[in-house]
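Enquirer: Based on what follows, work out the 3D shape:
(chains A and B)
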Amino acid sequence: MTHEKLWEVFIRSRNGLHHAHVGSVHAVDAEMAVENARDVYTRRGEGVSIWVVPSAAIVASDPADKDELFEPALTKIYRHPTFYEIPDGVANI
Amino acid sequence: MSPTSDRLLTVADGCLVLSHRLSEWMSNAPTVEEDIALGNIALDLLGQARSLLSYAGSLGDPVRTEDDLAYFRDERDFRNVQLVERPWGRDRPDFAVAMARLLVLSCYLHALYSALVTSTDETVAAVAAKAVKEVDYHRDHASMWVVRLGDGTDESRDRIQAALGEEWRYVDELFDGSFVPPSLLASGVAVDPSMLRPAFDARVGAVLAEATLAVPEVIPAVTGGRRGVHTQQMGFLLAEMQHLTRSHPGATW
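Expert: Numbering: from 1, shown residues only, chains lettered A, B, ... in the order given. So this is what the prediction gives:
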């Protein structure tokens, strides 16, 4: 159809969790985008909440910049929280 | 057939046949998203049909399964209204016809299930309580499209208005209460379809007003689906729906 835009879909799978990107749908406006997202991405009980965002509103990093953006982090293993002794009495970590 | 199971079949067969017709939109809707939406709706209706067919079959003597009833009855034994069996257009499927019909039937089913939630038959009440949420979404989906088409381009407006006019000839049959046994009304198991008309008219009227469309004024078709009298297309529909099961009875995979 004409006038269709692409929308990015975010689903929150449970209360307390965050919305996660699951894919995209075509729709002419936000209302139809929510309906289409419901029909395409929540058929198997995947979610309790839907966000849709015009794909054109997404600002992406430039793949050419990936070395400067991401490579410096690869050598900084001390940023992973694996160097701490966790006392036995602390639950849920 | 007991009066209750016969009445159940009028609803169950309607859901089954409409579900089958809707499945014809798979890969034929305007967008892939709409393909999936109509597939979801078809599956909801199939689920309702299965629950009601199973229950209707369990009340009979001999007891029959949902598959017995869906695949091994002939045309004259189907109790669905004629609106659900009609093809989606004269020459080729018309999306406007699909949305007009879905609006009519989802508004009707919503009114019906809302009333059956308080049926004195516990199984009927439970099926209705689950189904009413499903048809609520079908109604929203159809309403959204009818408003878009009616308040859209000249082409979409002409087609949805024409589709409503064709469908409307079969609307009165939905609300014909003459086939419901008085005993089922007295016991609170069934509802009189004619009582559902005000809620239907209010809802459909509001959607058509928002869509800037006129409520059709047409001469009703001669119908009789609930007595087993069907249109010419019903036989072709059943042939497609039933032939595999009849060719390989009892097959599993």
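Enquirer: which residues does B:L213 contact?
Expert: Residues in contact with B:L213 (Cβ atoms under 8 Å, 6 or more residues apart in numbering or on different chains) are B:146, B:150, B:157, B:160-161, B:164. Quick note: C-beta positions are derived from backbone N, CA and C, even for glycine.
Enquirer: Assign a three-state SS to it, would you?
Expert: Classification of B:L213 using DSSP: H, G, I helix; E, B strand; the rest coil returns coil.
Enquirer: How about the residues of chain A by chain B?
Expert: Contact residues (Cβ under 8 Å from any Cβ of the partner chain) of chain A with chain B: A:1, A:4, A:25-28, A:31-32, A:35-36, A:39-40, A:43.
Enquirer: what comes up buried for the least confident helix or strand in chain B by mean pLDDT?
Expert: Least confident helix or strand, chain B: helix B:182-186 with a mean of 92, by mean pLDDT, DSSP states H and E. Residues B:L184 are the ones in helix B:182-186 that count as buried (16 or more other Cβ atoms under 10 Å in any protein chain shown).
Enquirer: just checking, what packs against that helix?
Expert: helix B:3-23 (3 or more Cβ pairs under 8 Å, 6 or more residues apart in numbering or on different chains; DSSP states H and E).
Enquirer: Mind giving me the packing neighbours of the helix it packs on?
Expert: In terms of contacts (3+ Cβ pairs under 8 Å, 6+ apart), helix B:3-23 is packed against helix B:32-59, helix B:66-71, helix B:95-116, helix B:182-186, helix B:232-247.
Enquirer: Between the ones you listed, which one is closest to B:P216.
Expert: Of all the helices and strands packed on helix B:3-23, the one in closest proximity to B:P216, counting by Cβ to Cβ, is helix B:95-116 (9.5 Å).
Enquirer: How about the residues of the stretch 1-150 of chain B by chain A?
Expert: For the stretch 1-150 of chain B, the residues in contact with chain A (Cβ under 8 Å from any Cβ) are B:30-34, B:36-37, B:40, B:140-141, B:144, B:148.
Enquirer: out of those, which are buried?
Expert: Buried members of these, scored by 16+ other Cβ under 10 Å, are B:31, B:33-34, B:36-37, B:40, B:141, B:144, B:148.
Enquirer: Show me how to select, in PyMOL, the buried members of the residues of chain A next to chain B.
Expert: Entered in PyMOL, the line below selects the buried ones among the residues of chain A next to chain B, by 16+ other Cβ under 10 Å:
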select buried, chain A and resi 4+25+26+27+28+32+35+36+39+40
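Enquirer: Pick out whichever of the contacts of B:L213 sits closest to chain A.
Expert: B:V146 (13.3 Å; Cβ to the nearest Cβ).
Enquirer: Compute the distance between that closest one and A:E71, please.
Expert: With distances taken as Cβ to Cβ, to the nearest Å, B:V146 is found 54 Å from A:E71.
Enquirer: Comparing these two, which residue is more hemmed in?
Expert: Of the pair B:V146 and A:E71, B:V146 is the one with more neighbours under other Cβ atoms under 10 Å in any protein chain shown, namely 25 against 9.
Enquirer: buried ones in the strand or helix carrying that one?
Expert: Assessed by DSSP states H and E, B:V146 sits inside helix B:122-150. Residues B:123-124, B:127-128, B:131-132, B:134-135, B:137-139, B:141-150 are the ones in helix B:122-150 that count as buried (16+ other Cβ under 10 Å).
Enquirer: coming back round to it: most neighbours per residue, which of the helices and strands packed on helix B:3-23?
Expert: Counting by mean count of other Cβ atoms under 10 Å in any protein chain shown, helix B:95-116 has the highest mean neighbour count of the helices and strands packed on helix B:3-23, with a mean of 24.
Enquirer: I'm done for today, thanks for sticking with me.
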